[in-house]
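>>> Here's my sequence, what's the structure:
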Amino acid sequence: MIPTYFPEKFKKMIAHWDDERKSGNALIISLKDGWHHPTSEAHVFGVDSIKEALSELRDCKPCQCGSCRTNINAGE
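Modelled structure (predicted):
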């Protein structure tokens, strides 16, 4: 579940929030269509902390890839 204290501008970017840190894995964030993570050039990324998640979400950019355009247009 996305933390309730997260700013709305970031909540609007997140499609799925999977906190697997208790299992020794990462916090996995899947972005909604129309957004990508610039470092990984992907729609999904993993981080180790909430602080890192906020920092990485600040760096996310609008995405115009074919998949995003198709999915966004299909939802209209």
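>>> hey, let's count contacts and neighbours off CA atoms from now on
Noted.
>>> check contacts around the residue nearest the centre of the chain.
Central residue check for the chain by Cα atoms, centre = their mean: the C-alpha nearest the mean position is that of residue 31, 3.2 Å away. Neighbouring residues of residue 31 by Cα atoms under 8 Å, 6 or more residues apart in numbering: 13-16, 43-44.
>>> swap the cut-off to 6 Å and go again
13-15, 43 (Cα atoms under 6 Å, 6 or more residues apart in numbering).
>>> And these, which is closest to residue 68?
Nearest to residue 68, judged by Cα to Cα, of those is residue 43 at 9.5 Å.
>>> May I have the beta-bridge partners of the residue lying closest to the closest one once chain neighbours are set aside?
For residue 43, ignoring the flanking residues on the chain, the nearest one in space by Cα to Cα, 6 or more residues apart in numbering is residue 36 at 4.7 Å. Residue 36 forms beta bridges with residue 61, as assigned by DSSP bridges.
>>> per-residue confidence at residue 36?
Looking at residue 36, its pLDDT is 95.
>>> distance of it from residue 24?
For residue 36, the distance to residue 24 under the criterion Cα to Cα, to the nearest Å works out to 25 Å.
>>> again, but for residue 30
As defined by Cα to Cα, residue 30 lies at a distance of 19 Å from residue 24.
>>> ok, now residue 42?
22 Å.
>>> between the contacts of residue 31, which is nearest residue 50?
Taking Cα to Cα as the measure, residue 14 is the one of the contacts of residue 31 closest to residue 50, at 13.7 Å.
>>> Between residue 36 and residue 24, which is the more surrounded one?
Taking other Cα atoms under 10 Å, residue 36 and residue 24 do not tie; residue 36 has more neighbours (25 against 8).
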